[in-house]
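> show me how the following folds:
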Amino acid sequence: MENLFVYETPHPAHYAFAKSIDCTVPSECFVSVPNIPTDLTRTRFYRWFTRLSPITRYAIERNARHYYHFSIPEDSCPPNEPDIILLEGWRQMGIAKYYPNSFKVQICGDWYPLVFGDNKRMTSYYNDMDLIVAGSYLSKQSLPKEIQKKTRIVSPSFDLVPKGRATGNNCVFIGNVYEKVKRIEMGIKLFKKAFGNDHRVSFNIVGPGNKKIGSKGNIYYWGKLGHDDNRFHDVMLASKYYIHWGEHDPHPVAVMESMSYGIIPLVGPLVGNHYLTEDLLEDLGPCKTIDDTVEIIRMIEDDKSLENDLRDRCIDVSSKYTPERTMESFRSVVMEEYNKWIGHR
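Got it, this is the predicted structure:
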């Protein structure tokens, strides 16, 4: 089989999916760019292009191929039309029409109602897809009902190797604080309601995009820290709770990364892996609101044996999201649907 991965970043979890079905992975990203010679002009164009609405960008990529080329070396492509083409995100969807005889799989890694605006428009764009793989039930439920019929769920993996078991008392968040879906202000609200200005407990915010804007009381902004940075692991080892009260965040892998350290996830109901918090804390009461979650924090703070038990369970649950396990699940789902598609042709 000849399979092709069409990507933009790529996200490590999506790259693992691609490798699981033996995709050719081009050396350059597969994104529409202007067919113009100088890097400076390309950079200026990109700055303008990224300010456009998602729908405008998609329309350009889908319908104006004579103005744009795809920045992918020809010798990196399979010599023939791929059997399976795996699309990392919605920005790659316009490319699918150039592969009419390929089985097209799209990773649902965004909150698509925010991208497309309404179900009618979203449905029309998804007609070219043969299979959608969502990272969570929340992501699947965000799609129109007719699209859900060809949507399967495979949770993404993480490839972080923890450097020990967390024993600290702090709270942590990992992610781009400028992404609206992260709703970092809600995470801060939860932290403040639970711990106030207690300087024995800090809220450490780690992630790209947030310039070092300075510390405020017991809240610290670290900026981007890679997994190879000892400071990242120091922050994790000093933590007890992972706070993410986002809105329509499909399935952030940072939740599983933190759990691998034994950090207890406090994940809001509009985050795709909220089910991890529910499953872990179900015996302590509901955790649908900030007030409910603050009460659960107080129970844990008053019971050291409960804390240790929850930490152990976090580590055990996180082991189910290794690349090997999720790659096996992804390959099984894709090949099952591909064989059905072949049988109906």
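
> so where do the helices sit in the stretch 51-200 of the chain?
54-63, 112-116, 119-126, 137-141, 145-148, 184-195 (DSSP state H, counting those that start in this stretch).

> output the fourth one as CSV, nothing but the C-alphas.
C-alpha atoms of helix 137-141 as CSV (Å, rounded to 0.1, in the frame of the first residue of the first chain):
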residue,chain,number,x,y,z
TYR,A,137,-16.8,11.8,22.5
LEU,A,138,-16.9,15.6,23.0
SER,A,139,-15.2,16.1,19.6
LYS,A,140,-17.5,13.6,17.9
GLN,A,141,-20.6,15.2,19.3
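
> contacts for it?
108, 111, 134, 148, 151, 153, 248, 250-251, 270-272, 274-275 (C-beta atoms under 8 Å, 6 or more residues apart in numbering). Yep, even glycine has a C-beta here, placed from its N, CA and C like the rest.

> of all those, which comes closest to residue 287?
Distance to residue 287 across the contacts of helix 137-141 (C-beta to C-beta) is lowest for residue 274, with 8.2 Å.

> which residues does that closest one contact?
When the contact criterion is C-beta under 8 Å, 6+ apart, the partners of residue 274 are 138, 267, 268.

> got it, and residue 208?
Contacts of residue 208 were listed using C-beta under 8 Å, 6+ apart, and they are 176, 223, 224.

> in space, what's closest to residue 23 - neighbours in sequence excluded?
Distances taken as C-beta to C-beta, 6 or more residues apart in numbering put residue 5 closest to residue 23, at 3.9 Å, once the chain neighbours are dropped.

> who does the one you found bridge with?
Per DSSP bridges, residues listed as beta-bridge partners of residue 5: residue 86.

> what's the neighbour count on it?
Counted with other C-beta atoms under 10 Å, the neighbours of residue 5 add up to 25.

> for residue 314, see how far away it is.
Residue 5 sits 32 Å away from residue 314 when distances are taken as C-beta to C-beta, to the nearest Å.

> next: residue 260.
8 Å.

> out of the two, which sits in the more crowded spot?
Neighbour count, other C-beta under 10 Å: between residue 260 and residue 314, residue 314 has more, with 24 against 21.

> can you tell me the SS state at the most centrally placed residue in the chain?
With distances taken as C-alpha atoms, centre = their mean, the residue of the chain nearest its centroid is residue 252 (4.3 Å). Classification of residue 252 using DSSP: H, G, I helix; E, B strand; the rest coil returns coil.

> how much space between the residue nearest to residue 23 and residue 166?
Counting by C-beta to C-beta, the separation of residue 5 from residue 166 is 34 Å.

> same question for residue 304.
14 Å.

> if we only consider the contacts of residue 274, which is nearest to residue 337?
Distance from residue 337 was checked for each of these by C-beta to C-beta. The minimum falls on residue 138, at 21.3 Å.

> what about the closest one, neighbour count?
Residues lying near residue 138 (other C-beta under 10 Å) number 21.

> what's the answer for residue 12, then?
For residue 12, the neighbour count with other C-beta under 10 Å is 15.

> and it, what does it touch?
With C-beta under 8 Å, 6+ apart, residue 12 has these contacts: 158, 159, 253.

> hmm, try it at 6 Å
When contacts are counted by C-beta atoms under 6 Å, 6 or more residues apart in numbering, residue 12 touches residue 159.

> what distance do you get for it to residue 194?
Distance from residue 12 to residue 194, counting by C-beta to C-beta: 32 Å.

> can you check residue 136 too?
In terms of C-beta to C-beta, residue 136 sits 26 Å off from residue 194.

> hang on, the earlier thing: does the residue nearest to residue 23 touch residue 20 like I think?
No: using C-beta atoms under 6 Å, residue 5 is not in contact with residue 20, being 10.6 Å away.

> tabulate the contacts of residue 274 (CSV), appending pLDDT and distance to residue 322.
As requested, these are exported to CSV (pLDDT from 0 to 100; distance: C-beta to C-beta, whole Å):
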residue, pLDDT, distance to residue 322
138, 85, 22
267, 94, 20
268, 93, 25
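
> distance to residue 86 for the residues you listed - can I get that in TSV?
TSV is the format used below for the contacts of residue 274 (distance: C-beta to C-beta, whole Å):
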residue	distance to residue 86
138	22
267	28
268	30
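
> how long is stretch 178-185 end to end?
Separation of the first and last residues of stretch 178-185 by C-alpha to C-alpha, to the nearest Å is 10 Å.

> how far off centre is it?
For stretch 178-185, the distance between its averaged C-alpha position and the chain's averaged C-alpha position is 14 Å (C-alpha atoms, centre = their mean, to the nearest Å).
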